[in-house]
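[1] Quick one, structure for this:
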Amino acid sequence: GLLLSEASLAFWYPVFVNLALLLAFAASLFGTPVAEAVARKLSKEPLPDAGIRYCRKVTVAWCIFFIANGGVAAATVLSGNRAAWLLWNGCLSYGAIGLMMGIEYLVRRRVMLLKTSDWMNGGSPDDVLFLLRDTPITRSEIRRRGSVLAARLSVVPCRTVGIAERDPVKFLTELIATLASRRTPVLAGGNRLASLEPAPDAVWAAEGAAAPAGSAVIPSEDGGDAAMDLPPISPDAELLLFTSGTTGKPKPVRKIVRLLDREAEMVSEIFPDLRRLAVASSVDPLHLYGLTFTVWVPMALGLTRIVPRLEVPEDLASVTVPSAIISSPTFLRYLDPAVPHDAVRFILSAGGKLGSEAGARVKEIFGIPASGIYGSTETGVVAFTREAGRGDAELAPGVSFIGDPRDGRIRTPLTETGEASLDDRIEPIGPRTFRLLGRRDRIVKIAEERVSLDEIEKTVLGRYDFHTVTQRFWNWCKVISCCDKEYFA
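    Numbering: from 1, shown residues only. The predicted structure is shown next:
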């Protein structure tokens, strides 16, 4: 047998290797775990506390693997079966190592994402969630503020609570307090709270936002000591978003927390580089685009947000740490190349078409293209492009067409039914790529705002009869013609 042969020590070699690796990995648990040491060498950024805890668990998992792998290797030696020894130690054990690495990679991508239920109780209390003019605002500070607001909300009899706050820090605090209190947040979007139907039972006080008649107004001051422990947010908790209302009456859209968590996971798969960056944004969190990319994704990945919000392109000078810019075509079209922008590492544009000319200018200024996202409040993220303004859109992971892509029906993990319909006409290019051809209805977009041609027509014809409208139009044309004979050339 192998155990008694002259070359027995050679057959025991795989066992000795696994034993040596086991001792090395196990010993590192009393100091810096091997997985953490490797991660620190490979990463240019400091490891977060969640990453350090995860690396320790990975090191333990590898210890268990070496015990199992070495045990099987020893069993093949003791069995005296040369074919079995060769099969395992010369082939299958390497496959097992590869499988272990692949499983760890997949687990890492999921485990390192914080679910909404862990926003306040997961991670480290010292994690910096916001950077306000070089002043850090930590997780523990947001927890304190949320606790103050949740205690205040707990005595208000209501089911729905309106949020109109555009300040990122105040918005997150009010959102957490509302969800933790088992109330439904109502986000006003581009509308004043007073115009929403049905109106929320209560609203957080916000500067410049009028409360609906009959809604209780809750003070939003968050000073003082923590008043209560914040309970974890339920994955089945709901939010109510309203569309902009530019297509007619604002439309309520119900979103579920666990689906927003899934969307954050999807985004991290599409744009893995986001994991190493801070986030600066020119969009507010009251629409789904801003809510996803300035709240859910940063909280899930443990990213720091640069505040206050970027109001004008000149505000990019305040971005001094490696950052992702979450923006819109209107903002990007007015970039000033003279404004310092060395810290920008990633750019995302959504809310409208950037255009090839504007996209090329963004790339020229920053040295990197702007990525794009396609979706809606109802569907969430549907597709993406690595260079907005150029190229075709690619379906997001987990999204697929149902039947003929031209029908615009998709399967998606981001809706309750698992299906959704697109508002735009598309031209399929490949199995997972397509080109947008425009909306199916008479809606146009001006500076990221949707405008209904039907509503304009209805308003105009309701105010004037057809003869009056046409007569005024031709009179206007005559005036223009007199002033400039080349106008219609």
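[2] Pull the number of nearby residues for the residue lying closest to Pro428 once chain neighbours are set aside.
    Spatial nearest neighbour of Pro428, chain neighbours left out: Pro405 (4.1 Å); criterion: Cβ to Cβ, 6 or more residues apart in numbering. The C-beta positions use only the backbone N, C-alpha and C, and glycine is treated the same way. Neighbour count for Pro405, taken as other Cβ atoms under 10 Å: 21.
[3] cool, the one 3 residues further on as well?
    Other residues within reach of Gly408 by the criterion other Cβ under 10 Å amount to 18.
[4] where does it land on pLDDT?
    If you check Gly408, the pLDDT there is 90.
[5] who's in contact with it?
    The contact partners of Gly408, taken as Cβ atoms under 8 Å, 6 or more residues apart in numbering, are Ser421, Leu422, Asp423, Asp424, Arg425, Ile426, Arg440.
[6] Then Ser28?
    Val34, Ala37, Thr59.
[7] 10 Å - rerun?
    Val34, Ala35, Glu36, Ala37, Arg56, Thr59, Trp62, Cys63 (Cβ atoms under 10 Å, 6 or more residues apart in numbering).
[8] repeat for Arg305
    128-132, 137, 168-169, 172, 278-281, 294-295, 298-299, 323, 326.
[9] now, which of those lie within helices?
    In this view, the contacts of Arg305 that belong to helices under DSSP state H are Pro168, Val169, Leu172, Pro298, Met299.
[10] Compute the first-to-last residue distance for stretch 349-357.
    End-to-end distance of stretch 349-357 (Cα to Cα, to the nearest Å): 14 Å.
[11] same question but for stretch 157-172, I mixed them up
    Termini of stretch 157-172 sit 22 Å apart (Cα to Cα).
[12] follow-up on the earlier one: and which of the contacts of Gly408 is nearest to Ile410?
    Leu422 (6.6 Å; Cβ to Cβ).
[13] related to what we said a few turns ago, could you identify the buried members of the contacts of Gly408?
    The neighbour-count criterion (16 or more other Cβ atoms under 10 Å) marks Leu422, Asp424, Ile426 among these as buried.
[14] any idea how far the closest residue to the first one other than its chain neighbours lies from Pro428?
    Among residues not flanking Leu422 along the chain, Gly408 sits closest, at 3.8 Å (Cβ to Cβ, 6+ apart). When distances are taken as Cβ to Cβ, to the nearest Å, Gly408 and Pro428 turn out to be 11 Å apart.
[15] One more: Cys55?
    Using Cβ to Cβ, Cys55 is found at 44 Å from Pro428.
[16] Over to Ala61?
    Noted for Ala61: a distance of 43 Å to Pro428, by Cβ to Cβ.
[17] still on that earlier bit, in terms of packing, which of Cys55 and Pro428 has more residues around it?
    Taking neighbours as other Cβ under 10 Å, Cys55 and Pro428 compare with Cys55 leading, 21 against 14.
[18] what sits against that one?
    Cys55 sits next to Thr32, Pro33, Val34, Ala35, Glu36, Ala37, Val38, Ala39, Arg40, Leu47, Arg108 when contact means Cβ under 10 Å, 6+ apart.
[19] and it, that's in a helix?
    Yes: counting by DSSP: H, G, I helix; E, B strand; the rest coil, Cys55 is part of a helix.
[20] What does the pLDDT read for it?
    For Cys55, the predicted pLDDT is 89.
[21] if you average pLDDT over the helix or strand harbouring Ala35, what comes out?
    Using DSSP states H and E, the element containing Ala35 is helix 34-42. Mean per-residue pLDDT for helix 34-42: 85.
[22] Need the contact partners of that helix.
    With contact meaning Cβ under 10 Å, 6+ apart, helix 34-42 is reached by 21, 24-28, 31-33, 46-47, 51-63, 104, 108.
[23] ok, 8 Å please
    Contacts of helix 34-42 (Cβ under 8 Å, 6+ apart): Ala24, Phe25, Ser28, Leu47, Gly51, Ile52, Cys55, Arg56, Val58, Thr59, Trp62.
[24] What subset of those residues is buried?
    Phe25, Ser28, Gly51, Ile52, Cys55, Arg56, Val58, Thr59, Trp62.
[25] in terms of contact, does Pro413 touch Ser400 like I think?
    No: using Cβ atoms under 8 Å, Pro413 is not in contact with Ser400; the gap is 10.3 Å.
[26] Looking at those two, which one has more neighbours?
    Neighbour count, other Cβ under 10 Å: between Pro413 and Ser400, Pro413 has more, with 15 against 12.
[27] ok, and the closest non-adjacent residue to the more buried one?
    Nearest one to Pro413, counting by Cβ to Cβ, 6+ apart, is Gly398 at 4.5 Å.
[28] which residues sit in contact with the one you found?
    Gly398 neighbours (Cβ under 8 Å, 6+ apart): Met266, Thr412, Pro413.
[29] Mind doing that once more with 10 Å?
    Arg262, Glu265, Met266, Glu269, Val381, Arg411, Thr412, Pro413, Leu414, Gly418.
[30] Just the ones in helices from those residues, please.
    Arg262, Glu265, Met266, Glu269.
[31] Which of these has the largest number of neighbours?
    Of these, with other Cβ under 10 Å as the count, Met266 tops at 22 neighbours.
[32] how close does it get to Thr292?
    Distance of Met266 to Thr292, given as Cβ to Cβ: 10 Å.
[33] which stretches of the stretch 151-300 of the chain have low pLDDT?
    189-191, 208, 227, 244-249 (pLDDT under 70).
[34] quick one, helices of it?
    Along the stretch 151-300 of the chain, counting by DSSP state H, counting those that start in this stretch, helices occupy 168-180, 257-270, 288-291, 297-301.
[35] Make CSV out of those and add distance to Arg390.
    Below are the helices of the stretch 151-300 of the chain laid out as CSV (distance: least, Cβ to Cβ, whole Å):
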stretch, distance to Arg390
helix 168-180, 31
helix 257-270, 17
helix 288-291, 21
helix 297-301, 24
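[36] Could you point out which of the ones in helices among the contacts of Gly398 is nearest to Pro369?
    Using Cβ to Cβ, Glu269 is the member of those that sits closest to Pro369, with 19.2 Å.
[37] what's the closest of the contacts of Cys55 to Arg145?
    Distances from Arg145 to these, taken by Cβ to Cβ, are shortest for Leu47, at 26.9 Å.
[38] contacting residues for the most centrally placed residue in the chain?
    For the chain, the residue nearest the mean C-alpha position is Val297 (3.3 Å; Cα atoms, centre = their mean). Going by Cβ under 10 Å, 6+ apart, Val297 touches 113, 260, 263-268, 271, 274-275, 279, 291, 303, 324, 326, 348.
[39] sorry, back to before: out of the contacts of Gly398, give me the two with the largest separation.
    Of all pairs in the contacts of Gly398, the most separated under Cβ to Cβ is Glu269 and Gly418 at 18.4 Å.
[40] re earlier: mind listing which of the buried ones among the contacts of Gly408 are in helices?
    Among the buried ones among the contacts of Gly408, no member falls in helices (DSSP H).
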